[in-house]
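**Student:** have a look at this prediction, sequence included:
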Amino acid sequence: MAGRIKIRAQKKGEMTEVKALMRHPMETGMRKDQAGESIPAHFITDVAVLHGDQTVMQAHWGAAVSANPFLGVRFQGGQAGDAVRVVWTDNQGGTGEGETTIR
Amino acid sequence: MITRWCLLWLAFPAWADEGVFDQYRDLMGDDNPAIFVIDEGEEFWYQSQGPSGATLEACDLGLGAGVTRGAYAQFPRYFADTDRVMDIETRLIHCMETLQGRDRTVTAAKPYSLRGDFGTELEALVTWLAAESEGVVIAPEQGHLKERAMYALGEEIFFYRAGPHDFSCATCHEQSDKRIRLQQLPNLTDHHDAADAYGSWPAYRMSQGLVRTMGWRLQDCFRQQRWPGLTFGSEVSIALQTYMAVNAAGGIMTAPGLKR
């Protein structure tokens, strides 16, 4: 189920507002399950927002980010109809990707 | 900006925390992570499973086989085929057994996520079905004798004091405008509070990163009262849901909600 991203991009004046909600457990590695066993760390380490081929935002994330994280970004230069992508990779090698067009 | 702050303040005079939390909900807008769980629930509904390899599409949730729109809002209700009043969770387990041939000791063994889980099939299905009732009037059936008996039993349990702290559900939920620490407590004997509370479950709990169902919420209430664990799908669980649903009748389903 992980890997999904709900993404919206809307032009507001000069700026394009991107909102992305990612499906990810974001396990810190510090929690224990009901049986007392450690739950393995599983969290997003790298996130990027791309406008066409151009990276407009890049971030390193860690275990402190909540489960199912929500990302809001604004950037300049977007036009209605342009493609916006959000991609992530996690510490277990998993990836997620979502794409939308600017409204 | 100042005006907006004042309006928020007026809307929530008693609990500053709820005002701030309402702002948070505004910021999140439609971005309730429950939307993922809704999608997953819909996929489970149409997924062939079990020895019969069937989907749940023929499942009768009270409005006829396969009718999902508005079905949630009329639970709990009496089903002639089982001669029982059922909540939506036990009805789904019943459908998994009768349609898909899945063993209920397996499907009902772990209905709710434990720590480290990322949602269960039942949680997803209930979330999707609740979303299929969004905006629908809460109207639990009370025509059958067993349905009315279920309500009466629920009312009795609601006010029944027990356990090491001599708690009842009513201890926390029969007065208006009360809170425990910073949590606003709904008065479940009051129609408006009951409708707001009942209509907003299942809900995404941010503190847990999971969607929780009404059945889970009741189990947690029992834990908080230091009562013996509430058995999933038991008469007690369904009775309390019936009590709440009937008190909430006429309200609007807003689930899946977004909670702390």
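**Tutor:** Yep, it's here.

**Student:** count of neighbours near whatever residue of chain A ends up closest to chain B?
**Tutor:** Here chain A gets closest to chain B at one residue, A:A67, 2.8 Å apart by Cβ to the nearest Cβ. C-betas here are computed from N, CA, C, even on glycine. By the criterion of other Cβ atoms under 10 Å in any protein chain shown, A:A67 has 20 neighbours.

**Student:** A helix includes it, no?
**Tutor:** No - counting by DSSP: H, G, I helix; E, B strand; the rest coil, A:A67 is not found in a helix; it is coil.

**Student:** correct me, but it touches A:R23?
**Tutor:** No - with contact defined as Cβ atoms under 8 Å, A:A67 does not reach A:R23; the gap is 9.2 Å.

**Student:** spit out the residues that contact those two alike.
**Tutor:** B:P33 (Cβ atoms under 8 Å, 6 or more residues apart in numbering or on different chains).

**Student:** kindly state the beta-bridge partners for A:T100.
**Tutor:** A:T100 forms beta bridges with A:V84, as assigned by DSSP bridges.

**Student:** wait, what's in contact with the residue in the stretch 151-260 of chain B positioned nearest to chain A?
**Tutor:** The stretch 151-260 of chain B approaches chain A most closely through B:G209 (2.8 Å), counting by Cβ to the nearest Cβ. Applying Cβ under 8 Å, 6+ apart, we find B:G209 in contact with A:P25, A:M26, A:S66, A:A67, A:N68, B:P33.

**Student:** now the end-to-end length of stretch A:76-86.
**Tutor:** Start and end residues of stretch A:76-86 are separated by 16 Å (Cα to Cα, to the nearest Å).

**Student:** which residues belonging to it are considered buried?
**Tutor:** A:G78, A:V84, A:R85, A:V86 (16 or more other Cβ atoms under 10 Å in any protein chain shown).

**Student:** distance of the residue of chain A most remote from its centre relative to B:G116?
**Tutor:** Distance from the centre of chain A peaks at A:A35, with 31.2 Å (Cα atoms, centre = their mean). According to Cβ to Cβ, to the nearest Å, A:A35 stands 10 Å off from B:G116.

**Student:** over to B:G53?
**Tutor:** With Cβ to Cβ as the criterion, B:G53 and B:G116 are 30 Å apart.

**Student:** neighbour-wise, which of these two wins?
**Tutor:** Remark: of B:G53 and B:G116, B:G116 carries more neighbours, 17 against 9, as counted by other Cβ under 10 Å.
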